[in-house]
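Novice: Sequence plus predicted model, see below.
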Amino acid sequence: MPTDRIDTDVAMLQAANLNVVRIAESTWSTVEPQPGVFDFTHVDRALDAMEAAGIHVIVGTPTYAVPAWLVTSHPDVLAETSTGQGRYGARQIMNITHPAYLFHSERVIRALLEHTAHRSAVIGFQLDNETKYYDVASADVQRTFVTHLRATFDDDVDAMNRAFGLDYWSNRVDAWEDFPDVRGTINGSLAASFDRFRRSLVEEFLAWQAAIVREYARDDQFLTQNFDFDWGPGWSYGLQPAVDHFRAAACVDIAGVDIYHPTQSALTGKEIAFGGDMTRSIKGGANYLVLETQAQGQPAWLPYPGQLRLQAYSHLASGADAVMYWHWHSIHNSFETYWRGLLSHDLQANPTYDEAAVIGAELRRVGRSLVHLRKSNRVAVMVSNEALTALTWFSVETGFPAFRGPSIGYNDVLRWVYDALFELNVECDFVSADTEDLGRYAMVVVPALYSAPESTLQRLGAFVGDGGHLVSTFKSFVADEHVTVWHDQQPHSLTEVLGLTYNQFTVPVDVRLTLHGDLAATPGAAALSPDERSALRFMELLQPDGAEVLASYDHPAWGGQAAVTRHRAGAGTAIHLGTMTGPALVREVLALAVRDAGLWDWPQELAGTVTVRRGVNSAGAPLTYLLNYSDSPVQVTSPVTARCVLDGVSVEDGTDLTIGAWDLTILEEVRRLAAR
Amino acid sequence: MPTDRIDTDVAMLQAANLNVVRIAESTWSTVEPQPGVFDFTHVDRALDAMEAAGIHVIVGTPTYAVPAWLVTSHPDVLAETSTGQGRYGARQIMNITHPAYLFHSERVIRALLEHTAHRSAVIGFQLDNETKYYDVASADVQRTFVTHLRATFDDDVDAMNRAFGLDYWSNRVDAWEDFPDVRGTINGSLAASFDRFRRSLVEEFLAWQAAIVREYARDDQFLTQNFDFDWGPGWSYGLQPAVDHFRAAACVDIAGVDIYHPTQSALTGKEIAFGGDMTRSIKGGANYLVLETQAQGQPAWLPYPGQLRLQAYSHLASGADAVMYWHWHSIHNSFETYWRGLLSHDLQANPTYDEAAVIGAELRRVGRSLVHLRKSNRVAVMVSNEALTALTWFSVETGFPAFRGPSIGYNDVLRWVYDALFELNVECDFVSADTEDLGRYAMVVVPALYSAPESTLQRLGAFVGDGGHLVSTFKSFVADEHVTVWHDQQPHSLTEVLGLTYNQFTVPVDVRLTLHGDLAATPGAAALSPDERSALRFMELLQPDGAEVLASYDHPAWGGQAAVTRHRAGAGTAIHLGTMTGPALVREVLALAVRDAGLWDWPQELAGTVTVRRGVNSAGAPLTYLLNYSDSPVQVTSPVTARCVLDGVSVEDGTDLTIGAWDLTILEEVRRLAAR
Amino acid sequence: MPTDRIDTDVAMLQAANLNVVRIAESTWSTVEPQPGVFDFTHVDRALDAMEAAGIHVIVGTPTYAVPAWLVTSHPDVLAETSTGQGRYGARQIMNITHPAYLFHSERVIRALLEHTAHRSAVIGFQLDNETKYYDVASADVQRTFVTHLRATFDDDVDAMNRAFGLDYWSNRVDAWEDFPDVRGTINGSLAASFDRFRRSLVEEFLAWQAAIVREYARDDQFLTQNFDFDWGPGWSYGLQPAVDHFRAAACVDIAGVDIYHPTQSALTGKEIAFGGDMTRSIKGGANYLVLETQAQGQPAWLPYPGQLRLQAYSHLASGADAVMYWHWHSIHNSFETYWRGLLSHDLQANPTYDEAAVIGAELRRVGRSLVHLRKSNRVAVMVSNEALTALTWFSVETGFPAFRGPSIGYNDVLRWVYDALFELNVECDFVSADTEDLGRYAMVVVPALYSAPESTLQRLGAFVGDGGHLVSTFKSFVADEHVTVWHDQQPHSLTEVLGLTYNQFTVPVDVRLTLHGDLAATPGAAALSPDERSALRFMELLQPDGAEVLASYDHPAWGGQAAVTRHRAGAGTAIHLGTMTGPALVREVLALAVRDAGLWDWPQELAGTVTVRRGVNSAGAPLTYLLNYSDSPVQVTSPVTARCVLDGVSVEDGTDLTIGAWDLTILEEVRRLAAR
């Protein structure tokens, strides 16, 4: 802050009913200006002010940005990466396993915790921030990796050579001591193994921090971490490549997340829902904290009137129990000067702050009806860090690493199916590929599960056999956990479940799909233009062996070969999408699966009109969010008899509701109409 | 030269009336083949021949390209840059503060000067060439930078931390000895400070060379330097980022410049005028030398018939006292083989050389009427290296460094307003942000002055108060001289002068402008298509507080917010452009300001028909250049009673004049019609 | 192989009549797992199985991919390149002159040869694979280069400075010991000299390997190398920049090649013909082996039904004596997992394998009529590694290195003329610029021969004088063998032969060509649209001095200047294309030259309908391939009386023939109709 105005800030926080702040994260150089010399003036000042104002505080450990003195003393604390030794300056550039980093991290964490844990305002602690492995490939990390491989392969170097196919291009490692710098490898199996190993470093690091913090935390204080997502197109987009969230979240009490997304005319709610569904799922359906989301955000993200409010409720509708902004005020220097806070640089009220105050007032009034939302989704999407990594080495379209040509990646396939479900108002959980708990779902969607162990495939087969409904896509079930392609009929283990096999595939050029059977019979599918029926990006030439053909290719050379199939196997069904399609067609395919699974209900009827997100609140009442992500008001007929939470008005099932542009209605259900 | 043909060259120079040559620049390895071993054979040969022919010579010090032996002996003479240690080969790759470089530079300069200064042909000396700091970040330079910071902040490291906002992301430097390698910094204030410091190295280096050369130069010999411009799109485009020309020019007697520009159908005269106005301005309006401009240039630049001549007179029309070509003949090897001279590789006459000879003959005949042109412009454009650097860290469109996404830069905004003035036939000077001399202008245009000290803002306010007419653009007056954003109402200090404030901004998507008041009333503005009224790139949501709204945004969310304002403050007016527009609309806004400033005259009436450039020649007669940058002849009515300099014909005010394609007329005024 | 199934593989090879395999290449880490420890188990297993099955084997030396232990022991075995020291992992990354590499290479080669040369299945040996110099610029290689320069210039450093123009930008090297790191040079002459020197390292390395292998090879065993091409757009495209194939092929008995090309709707036969014509030419017209071509290839290359067969015969039609696929089966790990073999990952039959079996069966039946095809082409295209390198430094369009802006390169000009000849059914050989054997051709096409010694130009002049027909393009005859531009009238030495000179050139913007004389008179030319008559990329402003103008520029500034000329000089003619054109217009110009040369015949009449490739088989019978690279059947009238080789049917001259989509007919001629 350029001047001391903490009283003004607190007054403005209170005026907006903002009741929790995060502090201390990334302030290492301030709280420990010289090694072992601590200065908690700023921390104390904030805690004093917040305690006086009754505002809760989450204290973050400051370890994700190292002070200059640490790097001056121990230059190799900076991670050596694939591009060489780093330079001091940015955050998140250190070797998180370096002893000097761990030594100093522990000392500052202990000092901070000792200083703050007893304070009444402090409700919890955030471990580090957006922790990753920062592409570390320092010599010590590589040495540990070799040790890890020796353990994995029981010290049998030949087993490793076989598992990874290292004989190819003379890459065989005959003795562990000959292990070359892994950064140069062209072997995708080895590289993927290194990435998985490095993801485990994140888990170990967070668990190590958690253990330290728990020595100080009171029973009523929680531990969280701020998870984030693949930032591909410049916002929270897909599965995080560098962290296995399901594993990393084990050490915290409550998951935290940051979700940033396009806004203005590009606000769709998808990123909020995607991030929320993921964060809820990694802790088994528990509520979570949105530790960061945009206030004014980047210049292009200034929200339209109404959008900040719509966004906040969108988070709650996914199960968030808090929405916090990054950050309170816009800062006046350094890298994030234009990652604008609720306040602009003038530190005065502005339309965005004013809208936050509207939200604050509303939540103060009705928040009790909204928090602790529980979901019981019947649909799951299976995700896999391993498959994501593998597809960076064996790209969908080129078959080669991404640098050899453009290709969609794992997250594009994931979002292709997720977004279609969202558009259908089909809510879902995410499950990891090693989950043993598929039984609670009626339908599982498996996008591009390129590599997975045999056990995962067996579980998916059993799921179908037991009456489950599986939807899988191209590039699934191709390789084992070492990213070695199966050498029997593809899709290995699941040929009988899917009722098909294939051994040829290519990239579609001017290929359309011809629809058949139930798929052709839907009005939506019948209305698709030829362009909307294009095969995109990749196409498997499926050979049905029991499966029904839902779509086939229309092309001089590939004509008549199957593209989308459905197989009734055991008590369930298995749909396979052998090619990518436009969004409208994949929606039709997924709608078919939803109907097969017996899940079709009124939210699906509202698809295309309004977004529906549902759950049960802490009072046990069903809550329905009707969210309008558009610049025009929409008219819907209330699907339920309920009380509108925000204005208290009661509506009958069948009542006409108008939801304004970028606005919403929340219905707390009285009773649900049996037959529609 | 592949063969000895100096007599032929001299004869061809004389035949074309070319009367000055530059020699010796960049020939270090030839004049000093081994350390301390000098060989001036080539220099003597050239001087002998030129003296015999009566051709003047400018001798350049050879220091901008180092010999191999210097780098073999002292490898660290090469600048270490942000990309690491350089390799020998290119020019302009050394650390200009390295003692070994300075030692050897001084020795070769002294030897050359001793050898040449007394020669009668030598009229002046060029110091080095296009000197810059070459992105040097060698350890010694960084150490000097820290020393500079200690002086700047009176040894108070906390003051520096505060000024730069280094606490952010734990970048605080608690002790000077902990100062990290600045190349990794993510702090734009620190980085901008380093760049400003490095620009000062250029000033020091040139002053050091000047002092040496002056020990040898006769009183009738001048010192110059060859300044150049931002080379963004592949030609002389905007303000030079790496040199503060206003400061660096202090040590020379006469400014030199190289100006390269698109030609053929892309020849507009704008780059010539821009470069000329700048070079004239950096020495307070004095005439300057075009030390380099293109002859045949790059392959795509071969001039159409007539263009070489039009270009030469364009330079004179801006105040140049000489036009020299880079270079005499096309060279037969090495990097600039296809940066073609007047002669092609065959060293024979060709159409370009022939046209140079036409120019030479004309200038021999009429040059006396044209040289020493004086301008008394009433309009100034304020430029700032500091703002330019700051906007590379805080890009107009993204708010982040340029590498985080595409954005227009400072020079795009500068050229946006400069080009509009040029198209209006409004001639201007450039002033630096620390000029104390605004009083002689009626109108000052301030594009994107992102960072500037309080004193600059005060001066601009006083300028308006005193009756001046200010036109400022978006992204002006945002931050102080440390690139710290002001934390009070924006635009800091100028809210009352501009009669507005704002604290929100975004990037326009499908935003049009609605025009109001005087702006809407102009016929030109009324004729603009909706596309021509688009908001582009960036938009401030202006809140008028006294200002009149000249344009507002037309958009569902931002509708009605002010985009362009005018405020009558004190005796003057202040127009603010809160968004970028197309060229036609900014011309209308600037035309309004020109009228407000009482500067509207007949050249503005000719805008769009012919380019007008004016001044007073050494005989005290007003000169008017009418320049036709098009491939069609234009008809104009002579605005003055005058003598056509080139053909001697007299014209009355009102006489019809035809100016051919890529041709011009120069009118030496007899009297000026009082009322039009 | 994931499992032992060699018996299955052999059975499938036999079933498809595949009768030769390549083994051992790139298996160094397997055959020598530790230094000096050899394990030939896999090699023996393969040889045993192949011998039992009567399948021939080519044994490759394994040296193009080094084992990890070699790099662990001698890290500097990896080439230091322009981007620094390499990392272990990829193939083709070593310094092929490093003593440790040569020592270990020799030992493994000798061990392998000793082990395999006596085996009956072994018909020949492949030396290394796709050998290049891998951009090596290690210190020892640079030292050898300086030694090479001392020899080239008789130890006269001034001679080198003059030849390369090193004085420019102070690059002069006054003493050999001052020679700087050549990687930083901006002197294209020096850089081109270094590249030529490095190409000679490839020749030396292969000759060294050949000498070792010959110590072991039986008289009935051949030596080959697998040459490949410029891989610019992602497939075999043009002249190989890093190897002089004409020189490197001297040490082998039979040339080998790999040819990869687009397929599906982009299959044109051009890459197959280009690669075949080149490989045949580098060994003086001898037959060659296609050691690698695609089976299923990359994902986008899966062949349409019929294409694999059409491709195989296309290779034979160019003179190949074998077609081998890379590779037998798709591999299950590592870099080329998706460079798919005949078998997919499931190792079962599939449509591509099945089509290979069709080819195998056909060749078993009729192969004897097809092998050992001899060509007697009357047209040659002159190619030059030196010109190619030079044009990377002096790009066609920019005149500067490629990194300074986009430009077509040498191979684009080469393919522009080659493809036009192919489309005209004009078959050609390639000759190098130092060939002394032009006399056997009636017509020589010289694309972009930017740099060449005087002797080449003299030979081309003599060729025309003696009645030859020359077609040269822009950017030819510009510079000498040191890439120094000639300083007399251009085109140096050939002004009289071409009947023109020029000394200006530029890049065409909206320039069309006006056709004249014989060129305007052809129906094809008359039908060209204005767009098809555009000047593209580069244009010389030709000044005819005796030459007839076939095309002139249509443009306000360049109008009327000559663009394409023809000169009757001595007994021959010389056509010069001063600009690039679209494919249709260059075809018309080349057709004119073909007619001038008296080579116009019925294949040219079939151009546009079907591709014709011809030769004489080992029985002395003329063979004609009629190849249909399209997805529609074509109708032609048989041009000869012949037997259809594939189906045995006899056809009379004039018989209607239908050739299916992606199909072909091979006619073994009985007699040739005299008059058509």
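Specialist: Looks like it arrived, so ask away. Bear in mind the structure is a predicted one, so any value in this text is a computation, not a measurement.
Novice: Show me which residues of the stretch 101-250 of chain A are close to chain B?
Specialist: residue A:234 (C-beta under 8 Å from any C-beta of the partner chain). Bear in mind the C-beta positions are built from the backbone N, C-alpha and C, glycine included.
Novice: Identify the residues contacting residue A:253.
Specialist: When the contact criterion is C-beta atoms under 8 Å, 6 or more residues apart in numbering or on different chains, the partners of residue A:253 are A:124, A:222-224.
Novice: Equivalent analysis for residue A:499, please.
Specialist: Taking C-beta under 8 Å, 6+ apart as the test, what residue A:499 contacts is A:544-548, A:565, A:567, A:569, A:574.
Novice: Relative to chain C, which of those is nearest.
Specialist: Of all those, chain C sits closest to residue A:545, with 13.3 Å by C-beta to the nearest C-beta.
Novice: Let me see the backbone angles for that closest one.
Specialist: When read as degrees, to the nearest 10, the backbone of residue A:545 gives phi -140, psi 70.
Novice: Could you check how many residues crowd around it?
Specialist: For residue A:545, the count of nearby residues is 14 (other C-beta atoms under 10 Å in any protein chain shown).
Novice: thought it was touching residue A:500?
Specialist: Yes - counting by C-beta atoms under 8 Å, residue A:545 does reach residue A:500; the two are 5.6 Å apart.
Novice: Highest neighbour count among the contacts of residue A:499?
Specialist: residue A:574 leads the contacts of residue A:499 on contacts (other C-beta under 10 Å) with 30 neighbours.
Novice: Where does residue A:39 fall, secondary structure wise?
Specialist: For residue A:39, there is no helix or strand it lies in under DSSP states H and E.
Novice: quick revisit: closest one of the contacts of residue A:499 to chain B?
Specialist: Using C-beta to the nearest C-beta, these come closest to chain B at residue A:565, 41.8 Å.
Novice: What about chain B: which of the contacts of residue A:499 touch it?
Specialist: Of the contacts of residue A:499, not one also sits near chain B (C-beta under 8 Å from any C-beta).
Novice: For residue A:447, state which of those residues is nearest.
Specialist: Using C-beta to C-beta, residue A:574 comes nearest to residue A:447 of these, at 14.4 Å.
Novice: That closest one: what secondary structure?
Specialist: The three-state label given to residue A:574 by DSSP: H, G, I helix; E, B strand; the rest coil is strand.
Novice: For residue A:244, what are phi and psi?
Specialist: Dihedral pair for residue A:244: phi -90, psi 100, per degrees, to the nearest 10.
Novice: Please identify the residues of the stretch 301-450 of chain A in proximity to chain C?
Specialist: A:394, A:397-400, A:405.
Novice: Out of those residues, who's the most crowded?
Specialist: residue A:394 (26 neighbours).
Novice: Quick check: phi and psi at it.
Specialist: Note on residue A:394: its backbone torsions stand at phi -120, psi 70 [degrees, to the nearest 10].
Novice: Also residue A:166?
Specialist: Taking degrees, to the nearest 10 as the convention, residue A:166 sits at phi -70, psi -10.
Novice: show me what contacts it?
Specialist: Neighbouring residues of residue A:166 by C-beta under 8 Å, 6+ apart: A:160, A:172-173, A:187, A:190, C:29, C:333-334.
Novice: about what we covered before: now go through the contacts of residue A:499 and say which are in strands.
Specialist: Judged by DSSP state E, those include A:544, A:548, A:565, A:567, A:569, A:574 as members of strands.
Novice: per-residue confidence for the first one?
Specialist: Note on residue A:544: pLDDT of 98.
Novice: in stretch A:294-305, what's buried?
Specialist: A:294-304 (16 or more other C-beta atoms under 10 Å in any protein chain shown).
Novice: Indicate whether it makes contact with chain B.
Specialist: Yes - interface with chain B: stretch A:294-305 contributes A:296, A:298-302, A:304-305 (C-beta under 8 Å from any C-beta).
Novice: Quick check: residues of the stretch 501-650 of chain A near chain B?
Specialist: Applying C-beta under 8 Å from any C-beta, we find that the stretch 501-650 of chain A lies next to chain B at residue A:631.
Novice: Give me the secondary structure label for the residue of the stretch 1-150 of chain A found nearest chain B.
Specialist: Distances from the stretch 1-150 of chain A to chain B, computed as C-beta to the nearest C-beta, single out residue A:87 as the nearest residue at 2.9 Å. Of the three states, residue A:87 takes coil under three-state DSSP.
Novice: quick one: it and residue B:184 touch, right?
Specialist: Yes - Residue A:87 lies in contact with residue B:184 (C-beta under 8 Å); the separation is 2.9 Å.
Novice: circling back: please identify, among the contacts of residue A:253, the one with the most neighbours.
Specialist: Of those, with other C-beta under 10 Å as the count, residue A:124 tops at 24 neighbours.
Novice: coming back round to it: neighbour-wise, which of the contacts of residue A:166 leads?
Specialist: residue A:190 (28 neighbours).
Novice: measure it to residue C:72 for me?
Specialist: According to C-beta to C-beta, to the nearest Å, residue A:190 and residue C:72 sit 16 Å apart.
Novice: Tell me which residues touch residue A:307, please.
Specialist: Neighbours of residue A:307 in contact, by C-beta under 8 Å, 6+ apart: A:263-264, A:267, A:662.
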